[in-house]
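[1] give me coordinates for this.
(one chain, ligands or ions: 1)
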Amino acid sequence: MDPSANATFIARITALAAEIEQQSFPDGALYVVATPIGNMGDISLRALKALSLCSAIACEDTRKTGQLLARLDIDKPLLSAHQHNEREVAEKIIHRLKAGERVALVSDAGTPTISDPGARIVDAVITAGLRIIPIAGISAAVAALSVSGLIGDQFYFVGFLPAREKQRETVLRSVQYSLATLVFYEAPHRIADTIAVMARVFEPSRQVVIGRELSKVFEQIHRCPVSEAPQWLASDSNHQRGEFVVLIEAANAGDNDRLDDAIRVLDILLEACSVSQAAALASRITGMKKNQLYDLALTRTPRSS
Ligand code: SAM
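    Okay, here's the model as predicted:
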């Protein structure tokens with residue numbers, strides 16, 4: 001950036017900061033503060049202000065939040081709030097809020113409570129009739145959706161799939177006909193397995209978007225038919241490194257009309273036939289694949305044959 005553009009940029013931030021300074025940050029409230037998912041530039045001025053005004057910060061990992069606060073030059077008492085102690089921490093927070101303090105809630109990265117702890121704390125604060133203020137910012141899911149180019153008004157946030165492959169497949173089969181874009185989070189040691197199961201479950205032409213290391217130096221956004229995704233992941237070991245959001249294009253509405261017809265046929269057949277007989281007969285009636293109908297039949301009836 002040339003020096004004059006740089007000076008203008010800094011002047012703009014200073015002017016904006018002065019504006020935020022005038023805004024009200026009520027006391028006696030819990031501030032749910034989004035933090036960056038990798039790029040410090042994604043911290044908001046409101047987040048900076050809320051974190052510097054609060055009397056304590058509830059966080060998932062005191063070491064990680066300590067590092068974030070050190071970079072922001074903010075020093076506050078930290079309350080460790082993880083999956084197993086949310087109720088007790090909620091009580092401490094409520095006590096502070098009732099005394100008129102401001103308390104912030106953050107997670108390791110992104111928006112608290114989105115595949116992260118904190119919802120029980122928020123619930124307890126609401127139940128106690130106290131105020132909650134969102135300090136919105138980045139979430140990996142929304143960042144990936146915004147650059148996916150997948151058309152559609154709805155998305156369905158699945159988050160992390162179960163660790164066991166069989167259960168992962170069951171969850172994927174339960175959402176495969178959704179008319180919403182599907183959103184998953186995945187860790188590097190499981191990305192190849194998850195993509196392999198996705199390639200098995202979804203129609204080969206369904207688009208997948210793999211958002212890797214969003215907002216970081218090695219950010220990558222790759223879109224391809226799901227059938228080609230395993231090959232792309234295997235083609236370079238770097239493709240399996242880092243943090244991932246995976247999106248699957250929504251099912252086609254036309255397919256879903258066919259599906260509704262198939263479900264009606266299956267439901268009738270299942271009154272008299274086993275799952276495999278119903279799938280075979282429904283395949284002859286509708287022209288759809290027998291294994292697809294078999295999977296569908298399993299979702300309509302308690303598992304039998
Ligand atoms: N609360 C966070 C949010 O708002 O996005 C999500 C927390 S969840 C424990 C962490 C997962 O989010 C990672 O395993 C990955 O799937 C996804 N994620 C977080 N940061 C990411 C990034 N920079 N790029 C891609 N995915 C990311």
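
[2] mind listing residues that contact stretch 222-231?
    Outside of stretch 222-231, the residues within contact range by CB atoms under 8 Å, 6 or more residues apart in numbering are 148-149, 192, 195-196, 198-199, 202-210, 212, 232, 239, 248. (C-beta placed from N, C-alpha, C; glycine too.)

[3] of the residues you listed, buried ones?
    Neighbour-count burial (16 or more other CB atoms under 10 Å) is assigned, among the contacts of stretch 222-231, to 148, 195, 198-199, 202, 206-210, 212, 239, 248.

[4] where does the closest residue to Ala128 other than its chain neighbours land in three-state SS?
    Nearest non-adjacent residue to Ala128, counting by CB to CB, 6 or more residues apart in numbering: Ile94, 4.9 Å away. For Ile94, the secondary structure call by DSSP: H, G, I helix; E, B strand; the rest coil comes out as helix.

[5] just confirm Ile94 contacts Val125, I think it does.
    Yes: the criterion here is CB atoms under 8 Å, and Ile94 meets it with Val125 at 6.3 Å.

[6] strands of the stretch 1-150 of the chain, start to end?
    29-33, 56-59, 78-80, 103-105, 131-135 (DSSP state E, counting those that start in this stretch).

[7] likewise for the stretch 201-305 of the chain?
    Counting by DSSP E, counting those that start in this stretch, the segments of the stretch 201-305 of the chain that form strands are 207-212, 220-225, 244-248.

[8] what lies in contact with the first one?
    With CB under 8 Å, 6+ apart as the test, strand 207-212 has contacts from 140, 143-144, 147-150, 191, 195, 198, 202, 218-226, 229, 232-233, 239, 241-249.

[9] would you list the buried entries among the residues you listed?
    By neighbour count, with 16+ other CB under 10 Å, these hold 140, 143-144, 148, 150, 191, 195, 198, 202, 220-221, 223, 226, 229, 233, 239, 242-249 as buried.

[10] out of those, who's near the ligand?
    Contacts with the ligand are made by Ala140, Glu243, Phe244, Val245 out of the buried ones among the contacts of strand 207-212, judged by CB under 6 Å from any ligand atom.

[11] look up phi and psi at the second one.
    Looking back up the chat, that one is Glu243. phi -110, psi 150 (degrees, to the nearest 10).

[12] give the contact list for the closest residue to it other than its chain neighbours.
    Leaving aside its sequence neighbours, Glu243 sits nearest to Glu213 (CB to CB, 6+ apart; 6.2 Å). Residues in contact with Glu213 (CB under 8 Å, 6+ apart) are Gly38, Glu219, Gln220, Arg241, Gly242, Glu243.

[13] touching, Thr113 and Ile132? I think so.
    No: if you go by CB under 8 Å, Thr113 and Ile132 don't touch, sitting 10.9 Å apart.

[14] which neighbours do the two have in common?
    Listed as contacting both Thr113 and Ile132 by CB under 8 Å, 6+ apart are Val32, Val122.

[15] find the nearest non-adjacent residue to Val89, please.
    Ala81 (4.2 Å).

[16] in the stretch 101-250 of the chain, what residue is nearest the ligand?
    Minimum separation of the stretch 101-250 of the chain from the ligand (CB to the nearest ligand atom) falls at Gly110, amounting to 2.5 Å.

[17] give me the neighbour count for that residue.
    Burial measure for Gly110: 25 neighbouring residues, criterion other CB atoms under 10 Å.

[18] ok, Ala272 next?
    9.

[19] next one: Pro188
    Here the number of neighbours of Pro188 (other CB under 10 Å) works out to 13.

[20] show the contacting residues for it.
    Gln240, Arg241, Gly242, Glu243, Phe244.

[21] for the fourth one, give me its contacts.
    Residues touching Glu243, when contacts are defined by CB under 8 Å, 6+ apart, comprise Ile37, Gly38, Ala140, Ala187, Pro188, Arg212, Glu213, Leu214.

[22] in a markdown table: those, plus pLDDT.
    Output for the contacts of Glu243, formatted as a markdown table (pLDDT from 0 to 100):
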| residue | pLDDT |
| --- | --- |
| Ile37 | 98 |
| Gly38 | 96 |
| Ala140 | 98 |
| Ala187 | 97 |
| Pro188 | 97 |
| Arg212 | 98 |
| Glu213 | 98 |
| Leu214 | 98 |
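
[23] and which of the residues you listed is nearest Arg46?
    Ile37 (17.1 Å; CB to CB).

[24] quick one: the closest one and Ile138 touch, right?
    Yes: counting by CB under 8 Å, Ile138 is a contact partner of Ile37 at 5.4 Å.

[25] name the residues contacting each of these two.
    In contact with both Ile37 and Ile138: Gly110, Ser215, using CB under 8 Å, 6+ apart.

[26] thanks again, I'm all set now.
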